[in-house]
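[1] fold the following for me, if possible:
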Amino acid sequence: MTTTFRADVVAGMTTMMTAFIAAHPTVVRRHFRILPESFTTDIPCSYLDLRPETISHDSGLRERLMSPSIVVIFDAGDNFEVIDAMDTTVDLLVDWFTSYPHIVTGTIWDAMTVADEPVPNNLGMVAVRFTFGNISRLEGRT
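    Predicted coordinates for the structure are as follows:
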């Protein structure tokens, strides 16, 4: 049995972020499929980060359960207006992601965590990680 689940999730999450950027071009400027080498331009930007997966089997089905993260980088510094804009962006993204319950055809997710975190080696920047706790797909098993 050939599967494209991981590739489909990457493509679906990229499509979801590309559509968000098209609708809100000044809110998030660019989406990267992987962590970029530097954050010198296009801030705020986002990237697709780790995508751990668990797989379970029974006699007729295989369930693939992935928990990928989209990370959004902000150049916060000490400016409270930027932090307020970051909070507004998080709210916009939560609403946007909620409108995509099926990021990929044949999948569903129902849990997300949002966490602020530092950006290593980038003083003055802050990241917000959106982790989709359970994008799942059931596949037939022979």
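
[2] residue ranges of the strands in the chain, please?
    30-32, 45-48, 53-57, 61-66, 69-75, 112-118, 125-132, 135-140 (DSSP state E).

[3] can you redo the ones you listed as CSV with distance to Val82 and mean pLDDT?
    In short, each C-beta sits where N, CA and C put it, glycine included. Listed next are these as CSV, based on distance: least, C-beta to C-beta, whole Å; pLDDT from 0 to 100:
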stretch, distance to Val82, mean pLDDT
strand 30-32, 18, 93
strand 45-48, 14, 94
strand 53-57, 35, 93
strand 61-66, 32, 90
strand 69-75, 7, 92
strand 112-118, 13, 92
strand 125-132, 9, 92
strand 135-140, 31, 86
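
[4] please convert those strands to JSON lines, extending it with mean neighbour count and distance to His24.
    Shown next, in JSON lines, are the strands of the chain (neighbours: other C-beta atoms under 10 Å; distance: least, C-beta to C-beta, whole Å):
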{"stretch": "strand 30-32", "mean neighbour count": "18", "distance to His24": "12"}
{"stretch": "strand 45-48", "mean neighbour count": "21", "distance to His24": "12"}
{"stretch": "strand 53-57", "mean neighbour count": "11", "distance to His24": "30"}
{"stretch": "strand 61-66", "mean neighbour count": "17", "distance to His24": "26"}
{"stretch": "strand 69-75", "mean neighbour count": "21", "distance to His24": "12"}
{"stretch": "strand 112-118", "mean neighbour count": "12", "distance to His24": "17"}
{"stretch": "strand 125-132", "mean neighbour count": "19", "distance to His24": "15"}
{"stretch": "strand 135-140", "mean neighbour count": "16", "distance to His24": "23"}
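
[5] distance to Ala85 added to these, as CSV?
    Listed next are the strands of the chain as CSV, based on distance: least, C-beta to C-beta, whole Å:
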stretch, distance to Ala85
strand 30-32, 17
strand 45-48, 14
strand 53-57, 34
strand 61-66, 30
strand 69-75, 8
strand 112-118, 14
strand 125-132, 12
strand 135-140, 28
